[in-house]
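Q: can't give you the sequence, but here's the structure:
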């Protein structure tokens, strides 16, 4: 792609989830500036006039189109903040791929804070994929703090997949959602930390509408001296269903904290929270090692399967 060197293209590939970015509408941001953009017949991307960021408009009844909004940072010492708003029309069915890749070879910290708001109209279905990735040999930290706000109208659906598997030193991830009648929110989160990395995830979901539902699933692996914290708050404000799962594997001197909070404000609210934190089971290791794998290889096989 134009205006990008090989290192930047590699970063882009790591966060694009295997999709062809040039298929559909897209906006590519590099070091705090939009460098490439393309609209489609049904999707329009506009630069915000009052602050840094973009507005994405998706026409009603748009079917099976893609929107890519990747961000890459290669400039050490840069703190990039962007506000992106998505307006998804009635009965649309689209896939939105976002994410940020940071390369930092120097001593100053590099940070990207992406604030995304989704206004999803009646009957629309959105699949949202977000990947975060960091690399580089410098002492400067790679920091990512995503904020996602979701407003789902009657019968709207959002399937959200987020992953942070490598190279992010510090992250605070906040997701807030409000659901109307028969709306549905599904979140699948995957996080791996090592070294002295810190990751904090917060979910706050308000099930306001009748027969609204949410299913939040977090899978994480914490190794070495890293620390993770998972906080979930689900408010059942009507006849609704909420299910939160937090499963974590812990190794070495790592720490994982899970704090559930479910609030039923209606007699017909059905809310469930499950949490499981533990080390890799010895029998799993033995089983794989009998197949010829070393202990380290067996651990990697288990972790990869857990985060798949």
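A: Here it is on my side, so go on. As the structure is a computational prediction, the values presented were derived from the model and not from experiment. Residues are numbered from 1 along each chain as shown.

Q: residues contacting residue 65?
A: By CB atoms under 8 Å, 6 or more residues apart in numbering, the contact set of residue 65 is 24, 25, 40, 42, 43, 58, 94, 95. C-beta: built from backbone N, CA, C; applies to glycine.

Q: That one bridge partners, please.
A: Bridge pairing for residue 65 (DSSP bridges) gives the partners residue 94.

Q: That one and residue 150, how far apart?
A: From residue 65 across to residue 150, the span is 20 Å (CB to CB, to the nearest Å).

Q: Then residue 35?
A: 28 Å.

Q: quick revisit: top of the contacts of residue 65 by neighbour count?
A: Counting neighbours by other CB atoms under 10 Å, the top entry in those is residue 58, with 26 neighbours.

Q: so what's that residue scoring on pLDDT?
A: Residue 58 carries a pLDDT value of 98.

Q: If it is in a bridge, with which residues?
A: Beta-bridge pairing for residue 58 (DSSP bridges): residue 43, residue 88.

Q: for it, what are its contacts?
A: Residues in contact with residue 58 (CB under 8 Å, 6+ apart) are 42, 43, 65, 67, 86, 87, 88, 89, 92, 94.

Q: Could you rerun that using 6 Å?
A: 43, 88, 89, 92, 94 (CB atoms under 6 Å, 6 or more residues apart in numbering).

Q: tell me the mean pLDDT over the helix or strand where residue 275 lies?
A: For residue 275, the host element (DSSP states H and E) is strand 269-278. In this model, strand 269-278 has an average pLDDT of 95.

Q: what do you get for stretch 255-264?
A: For stretch 255-264, the mean per-residue pLDDT is 94.

Q: Same check on stretch 149-168?
A: Computed over stretch 149-168, the average pLDDT equals 96.

Q: Need the residues that contact it.
A: Stretch 149-168 is contacted from outside by 117-135, 142, 144, 176-192, using CB under 6 Å, 6+ apart.

Q: Quick one, which of those are buried?
A: 117-135, 142, 144, 176-192 (16 or more other CB atoms under 10 Å).

Q: Which of the helices or strands spans residue 61?
A: Following DSSP H and E, one finds residue 61 outside all helices and strands.

Q: burial of it, as a residue count?
A: 13.

Q: What residues does it make contact with?
A: Residues in contact with residue 61 (CB under 6 Å, 6+ apart) are residue 91.

Q: what packs against the one helix or strand residue 235 maps to?
A: Taking DSSP H and E as the criterion, residue 235 maps to strand 227-236. Secondary-structure packing of strand 227-236 (3 or more CB pairs under 6 Å, 6 or more residues apart in numbering; DSSP states H and E): strand 198-207, strand 212-222, strand 240-250, strand 255-264, strand 269-278.

Q: Please repeat the previous calculation with a cut-off of 10 Å.
A: Contacts defined by 3 or more CB pairs under 10 Å, 6 or more residues apart in numbering; DSSP states H and E place strand 227-236 against strand 170-179, strand 184-193, strand 198-207, strand 212-222, strand 240-250, strand 255-264, strand 269-278.

Q: now the angle from the first one to strand 198-207?
A: With axes from the mean of the first three to the mean of the last three CA atoms, to 10 degrees as the basis, strand 170-179 and strand 198-207 are set at 0 degrees to each other.

Q: Pairing partners for strand 170-179, with directions?
A: Strand pairing for strand 170-179, using DSSP bridges, gives strand 142-144 (parallel), strand 147-152 (parallel), strand 198-207 (parallel).

Q: Buried ones in the helix or strand just after the second one, by neighbour count?
A: In other words, strand 147-152. Following strand 147-152 in sequence order, the next helix or strand is strand 157-166 (DSSP H and E). For strand 157-166, a neighbour-count test (16+ other CB under 10 Å) marks 157, 158, 159, 160, 161, 162, 163, 164, 165 as buried.

Q: Show me which of the residues you listed is closest to residue 6.
A: Nearest to residue 6 among the buried residues of strand 157-166 is residue 165, at 21.9 Å by CB to CB.

Q: What separation is there between that closest one and residue 207?
A: 30 Å.

Q: Likewise for residue 196?
A: Using CB to CB, one gets 37 Å for the distance from residue 196 to residue 207.

Q: Point out where this structure drops to low pLDDT.
A: The chain contains residues with pLDDT under 70 at 1-2, 17-19.

Q: quick check: longest helix of it.
A: The longest helix of the chain (DSSP state H) is helix 295-307.

Q: So which bits of that helix are buried?
A: For helix 295-307, by 16+ other CB under 10 Å, it's 298, 299, 302, 303, 306.

Q: residue contacts, the fourth one?
A: Residue 303 makes contacts with 192, 221, 223, 249, 251, 280, as judged by CB atoms under 10 Å, 6 or more residues apart in numbering.
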